[in-house]
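> Quick check, what structure comes out for this input:
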Amino acid sequence: MGYENAIELKNVTKEFKGFKLDNISFDLPKGCILGLVGENGAGKSTTINLIMNSLKKDSGEISVMGVDNASGDFAELKEDIGVVLDEAYFPMVINAEVVNKMMKATYTRWDEEVFFGYIHRFDLPQKKPFKEFSRGMKMKLAIAVALSHDPKLLVLDEATSGLDPIVRDEILEIFYDFTRDPEHSVLISSHILSDLEKLCDYVAFIHKGKLLFCEGKDELLEKYGVIRCSRSQLADIPSGAVKGKRISDYGAECLVERNLVSNAFDIEKASVEDIILYMVKGDK
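Okay, here's the model as predicted:
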């Protein structure tokens, strides 16, 4: 199937009582990993539910792998999408062996050898009922399912949440390996910004229902920097360059656009976490 972007959102809006996802537009190019970031309640899960058409948008357009997600063709396309939601939903009394039988009946390309390979790799019990799984075990089972029917797109909502750092690293490596195939793409939401910095090609930042930016990670890290200076020196930085600042009794720190600031200032490298936190928490 010929398509350039695995996911496209154009002017997508969804309004609830007390919250509005407001005119969101971004693309996930095929073969890439896009990280969707934002605080709890910012609209990340709403965006993912709209993409999967489990929520109906109020306006705008969404296409997945070249298919309008409101069309009848989207149901067939779900075979090609591996989904992990922030809660893994399996009946409490079943175990991994029963999950395998259920998925074999659900997906035409289900590969039980791949599935049990992940069960072994993640050190998950085959016969223990789901109700006895920890949150981390549940997420690992959901990830094993998502990867075992030969998907072309992974849609992951807080998929690394509840996992210890060693297991998170292993999971991130699996997601990274997945996109070595140029036909494979990943959309992942997370509040663990260091994970996304390691993994992603693009970062989309949603804050209070609005998209503040969607940019290539490398371009983002090149665009912004952090200046630490005295409070008096702060006045010498062009106000238009400052995207967020913190002032204390000991001095000032600010996030700046590098190309708007003189070389006279010592500009430190900013992480994705720095960029997000200064934009949200810092004073403009």
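> what sits against the closest residue to residue 122 other than its chain neighbours?
Closest residue to residue 122 apart from its sequence neighbours, by C-beta to C-beta, 6 or more residues apart in numbering: residue 140 at 4.2 Å. To be clear about C-beta, it is placed using only N, CA and C from the backbone, and glycine gets the same treatment. Counting by C-beta atoms under 8 Å, 6 or more residues apart in numbering, residue 140 touches 118, 122, 124, 163, 167, 171.
> Surely residue 218 is in a strand?
No: under DSSP: H, G, I helix; E, B strand; the rest coil, residue 218 falls outside any strand and is assigned helix.
> how many other residues sit next to residue 59?
Residue 59 has 11 neighbours, counted by other C-beta atoms under 10 Å.
> which residue packs closest to it, ignoring adjacent ones?
Of all residues not flanking residue 59 in the chain, residue 13 sits nearest, at 4.8 Å (C-beta to C-beta, 6+ apart).
> Now do the SS call for that neighbour.
Relying on three-state DSSP, one would call residue 13 strand.
> heads up, I number from 46, so please use that
Sounds good: first residue 46 from here, last item residue 58.
> I'd like the distance between residue 215 and residue 184.
As judged by C-beta to C-beta, to the nearest Å, residue 215 and residue 184 stand 12 Å apart.
> re the thing from before, the helix or strand where the residue nearest to residue 167 lies: what's the following helix or strand?
Assigned by DSSP states H and E, residue 185 belongs to helix 180-192. Next in sequence after helix 180-192, counting helices and strands by DSSP H and E, comes strand 198-202.
> and whichever helix or strand comes after that next one, what does it pack onto?
Remark: after strand 198-202, the chain's next helix or strand is helix 210-223, criterion DSSP H and E. Under the contact definition 3 or more C-beta pairs under 8 Å, 6 or more residues apart in numbering; DSSP states H and E, helix 210-223 sits against helix 180-192, strand 198-202, strand 230-234, helix 238-244.
> ok, residue 125 - contacts?
With C-beta under 8 Å, 6+ apart, residue 125 has these contacts: 110, 196-198.
> same thing with residue 48?
Residue 48 makes contacts with 75, 108, 110-111, as judged by C-beta under 8 Å, 6+ apart.
> now swap in residue 240 and tell me
205, 213, 217.
> Can you tell me which of the residues you listed has the most neighbours?
Busiest of the contacts of residue 240 [other C-beta under 10 Å] is residue 205, holding 24 neighbours.
> where in this protein is pLDDT low?
Applying pLDDT under 70 to the chain flags residues 46, 133, 327-329.
> residue farthest from the centroid of it?
Centroid-distance maximum for the chain: residue 277 at 39.2 Å, with C-alpha atoms, centre = their mean.
> Quickly list the domain ranges of the protein.
According to automatic domain parsing, the chain comprises the domains 50-253, 265-326.
> Pull up the distance across the shortest one, start to finish.
Start and end residues of domain 265-326 are separated by 18 Å (C-alpha to C-alpha, to the nearest Å).
> Can you tell me which of the contacts of residue 48 lies closest to residue 178?
Distances from residue 178 to the contacts of residue 48, taken as C-beta to C-beta, are shortest for residue 110 (31.5 Å).
> What separation do you get for that closest one and residue 70?
Residue 110 is 18 Å from residue 70, by C-beta to C-beta.
> The two: which is more packed in?
For residue 110 versus residue 70, neighbours defined as other C-beta under 10 Å are more numerous around residue 110 (21 against 14).
> residues near the nearest residue to residue 209 once chain neighbours are set aside, how many?
Excluding the flanking residues, the one nearest residue 209 by C-beta to C-beta, 6+ apart is residue 181, at 6.9 Å. Residue 181 has 16 neighbours, counted by other C-beta under 10 Å.
> do the same with residue 322
Residue 322: 16 surrounding residues under other C-beta under 10 Å.
> Quickly list what the residue nearest to it when sequence neighbours are not counted is bridged to.
In space, residue 322 comes closest to residue 289 once its chain neighbours are excluded; the distance is 7.9 Å by C-beta to C-beta, 6+ apart. Residue 289 has these beta-bridge partners by DSSP bridges: residue 300.
> what about residue 289, how many neighbours?
21.
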